[in-house]
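S.K.: 3D, please:
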Amino acid sequence: MRRPSSLRVTPLSRFGAEVVGTSLRSSLANEPVAAQVRQALDEHGLLVFRGQSDLKPEHHVALGSWFGSVFPLPSRFQHPRAPHADVLLRVSNAESEGLVGVGTTGWHMDGLSYATPFGVALLHIAEVPRRGPTLFLPLHPLVETLRRQQPGWERLSMRCGTGKAAVHHPLLFAHPRSPARFGVCLGKTSGLVRDRGTAQESELGEAEAEAALAALDAHVAAHAAAHTYAHEWRAGDTLLVDNLQVAHLAPPETMLPPEEIGLRVLHRVVVAGVEGLRGIAGTAAAAAAAAGG
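M.R.: Now for the predicted structure:
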């Protein structure tokens, strides 16, 4: 399908793309534009839209419907200053303005505590600080490295939580819409399981699990040094993020007090996942990748 002539998608230097010539607010009811944006997001994983200052919170929420059902926020994530607080997460570097410390503890995907992690995150800057970027990291090239250097990890699942509330996901997974692309579950890992769901299922011991997670952290750090995209926010910026292709991180700088960097307020809407993650071991895409195809 051809993109409309007004929709121009320009790759960024490391990964992702900037989309120009499009007003998201004006395009909310334009399905051809929505279809092309979905296609571009599948291709690039991260889309940057500059100059969307007319995108109000109600439009931001409506934009989520381009990708599926907007996820309702638990009450603990609802801030009194947030418009549409039941679906719009408001984060800030000031407690009176939004939730503080969100997304600052390491590279992660959103929604791993649910059986179906979030599909897409939509970010809009409401108050722009003088400095403090949000960092983004593509997952597929990281998994290619892990599969070469840690082949046994295709058999691992990660556990999020404990007891009956625990949720498991394959550590390395195939993207549900683009099965030739792989991801890795980052964040909220409370344990690792080998060969889950088989007669050989076994929980990794504490020492072995700690060693594996330390090795994963080292791989992520090396990958981040070469592949991170640091988004410096401008007024009106709106970012669309494929949560299953791209990890993200708010570095400590974003939580410096407003007196030092200015007030930071970021609005986030997420789209509910529609299916559980599938491991990549034994898939046709994995076999082709392993063979160099």
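S.K.: can you list the domain ranges for this protein.
M.R.: The record's domain parsing of the chain by automatic domain parsing lists 8-129+230-273, 138-225+279-290.
S.K.: please identify the helix or strand for residue 86.
M.R.: Taking DSSP states H and E as the definition, one finds residue 86 inside no helix or strand.
S.K.: check contacts around it.
M.R.: The neighbours of residue 86, taking CB atoms under 8 Å, 6 or more residues apart in numbering as the test, are 72, 73, 78. To be clear about C-beta, it is placed using only N, CA and C from the backbone, and glycine gets the same treatment.
S.K.: separation between it and residue 181?
M.R.: 32 Å (CB to CB, to the nearest Å).
S.K.: thinking again about what came up before, from the contacts of residue 86, which is closest to residue 104?
M.R.: Closest approach between those and residue 104, by CB to CB: residue 73, at 18.5 Å.
S.K.: isn't there a helix covering the closest one?
M.R.: No - assessed with DSSP: H, G, I helix; E, B strand; the rest coil, residue 73 is coil; it does not lie in a helix.
S.K.: mind checking how far it is from residue 115?
M.R.: Applying CB to CB to residue 73 and residue 115 gives a distance of 17 Å.
S.K.: okay, those two: which has more neighbours?
M.R.: residue 73 (20 against 12; other CB atoms under 10 Å).
S.K.: which residues of the stretch 1-150 of the chain score low on pLDDT?
M.R.: 1-6 (pLDDT under 70).
S.K.: ranges for the helices of it?
M.R.: Along the stretch 1-150 of the chain, counting by DSSP state H, counting those that start in this stretch, helices occupy 31-44, 57-64, 140-149.
S.K.: just so I know, which of the ones you listed lies nearest residue 188?
M.R.: It's helix 140-149; of the helices of the stretch 1-150 of the chain, that one is closest to residue 188 (CB to CB) at 17.5 Å.
S.K.: coming back round to it: and which of the contacts of residue 86 is nearest residue 232?
M.R.: Closest to residue 232, out of all of those and judged by CB to CB, is residue 73, at 27.1 Å.
S.K.: how about that closest one, what does it touch?
M.R.: Residue 73 touches 85, 86, 87, 88, 89, counting by CB under 8 Å, 6+ apart.
S.K.: ok, now residue 131?
M.R.: Residue 131 neighbours (CB under 8 Å, 6+ apart): 232, 253, 261.
S.K.: report the buried members of these.
M.R.: residue 261 (16 or more other CB atoms under 10 Å).
S.K.: export the contacts of residue 131 as a markdown table, with columns for pLDDT and secondary structure.
M.R.: Conversion of the contacts of residue 131 to a markdown table gives the following (pLDDT from 0 to 100; DSSP: H, G, I helix; E, B strand; the rest coil):
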| residue | pLDDT | secondary structure |
| --- | --- | --- |
| 232 | 96 | coil |
| 253 | 95 | helix |
| 261 | 97 | helix |
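S.K.: ok, the contacts of residue 131 vs residue 162, which is closest?
M.R.: Taking those together and measuring to residue 162 by CB to CB, the closest member is residue 253, at 32.5 Å.
S.K.: verify the stated contact: that closest one with residue 261.
M.R.: Yes - Residue 253 is within contact range of residue 261, at 7.2 Å (criterion: CB atoms under 8 Å).
S.K.: please name the nearest non-neighbouring residue to the residue nearest the centre of the chain.
M.R.: Geometric centre of the chain, nearest residue: residue 243, 2.9 Å, by CA atoms, centre = their mean. Leaving out its chain neighbours, the residue that sits closest to residue 243 by CB to CB, 6 or more residues apart in numbering is residue 118, at 4.7 Å.
S.K.: ok, now residue 159?
M.R.: Per CB to CB, 6+ apart, closest to residue 159 is residue 191, 4.0 Å.
S.K.: residue contacts, that neighbour?
M.R.: Here residue 191 is in contact with 158, 159, 162, 203, 204, 209 (criterion: CB under 8 Å, 6+ apart).
S.K.: quick check: bridge partners of the second one?
M.R.: Put plainly, it is residue 159. residue 168, residue 191 (DSSP bridges).
S.K.: kindly tell me how buried it is, as a neighbour count.
M.R.: 20.
S.K.: perfect, I'm done here.
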